[in-house]
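S.K.: need coordinates for the below:
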Amino acid sequence: MSPVKLPQDLHIHTTYSRFDSAVVPEQIPELIARIAHAETVGISDHFEHFADTRYDRYIEHLDRVGLFAGTEVDGFQYVDHAASLEFDYYIFHCRDDAADYRAIETLLATGRPVIIAHPNALATDLGRVAPDALVEINNRYVWRCDWMDYYLPYRDRFRFVIGSDAHQPPWLGQSVARKAAEELSIGETLLRVDLEKWNRRRRSLATRRHR
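M.R.: Numbers count the residues shown, from 1 in each chain. Got it, this is the predicted structure:
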């Protein structure tokens, strides 16, 4: 009997996050695709770990195994470069820094989904985040705060997504994050339609570039 799949998981790392010591060598895109723990699966490796010379390889690899191609951007200093490249979505580290809050607007201007990563772990002031951004309830970090106190005041300001932030195969789960969302009475925003739109656009642009 097949296990029940999660609706979506867009915060997953692979060995393309090559400077992240928590990522194990077995965490390759093929394994994530084989496990298929969610109906919609996206990889969001750290932008600064692969964007220098591996961007094309990253995109082609994820396309080949049928995974959506996102990226996790660590602050404003990487945003202009990340926004100039084609991804299906962005996950953004927003620390409590004026430049980071402004950088969210730059990513939103691309038209692609922008997910604010584990804001409770980064001391993000959600009152300063553009309401068009999505906010993540993250299985790796949500339990490191009083989630009712932190998230409840913003329940009606944002749409929310739930992510695992998996760096290793056993981390591919969302049980704590889903319990937090249940207690907060937060409904999950599913992005498959938006992701498919950007995926088609990205593939079309890639086809034109390679002609």
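S.K.: elements contacting the longest helix along the chain?
M.R.: Longest helix in the chain, counting residues (DSSP state H): helix 192-209. For helix 192-209, the packing partners by 3 or more Cβ pairs under 8 Å, 6 or more residues apart in numbering; DSSP states H and E come out as strand 38-46, helix 55-65, strand 68-73, strand 89-92. The C-beta positions use only the backbone N, C-alpha and C, and glycine is treated the same way.
S.K.: what sits closest to residue 138 if chain neighbours are left out?
M.R.: Excluding its sequence neighbours, the residue lying closest to residue 138 (Cβ to Cβ, 6 or more residues apart in numbering) is residue 118, at 3.9 Å.
S.K.: list the contacts for that neighbour?
M.R.: The neighbours of residue 118, taking Cβ atoms under 8 Å, 6 or more residues apart in numbering as the test, are 136, 138, 140-142, 165.
S.K.: what does residue 120 give?
M.R.: 141-142, 144-145, 147, 150-151.
S.K.: rewinding a little: so which of the contacts of residue 118 comes closest to residue 203?
M.R.: Proximity of these to residue 203 (Cβ to Cβ) peaks at residue 136, which lies at 25.8 Å.
S.K.: check what contacts the helix or strand where that closest one lies and list those residues.
M.R.: Under the criterion DSSP states H and E, the helix or strand holding residue 136 is strand 134-138. Applying Cβ under 8 Å, 6+ apart, the contact partners of strand 134-138 are 11, 91, 113-119, 121, 126, 129, 147, 151, 154, 158-165, 177, 180-181, 184, 186, 189, 191.
S.K.: just to revisit the earlier point, between the contacts of residue 120, which has the most around it?
M.R.: Compared across these, residue 142 has the highest neighbour count, 27 neighbours, by other Cβ atoms under 10 Å.
S.K.: ok, it touching residue 178?
M.R.: No. Using Cβ atoms under 8 Å as the test, residue 142 is too far from residue 178 to be in contact (9.7 Å).
S.K.: between these two, which contacts overlap?
M.R.: Listed as contacting both residue 142 and residue 178 by Cβ under 8 Å, 6+ apart is no residue at all.
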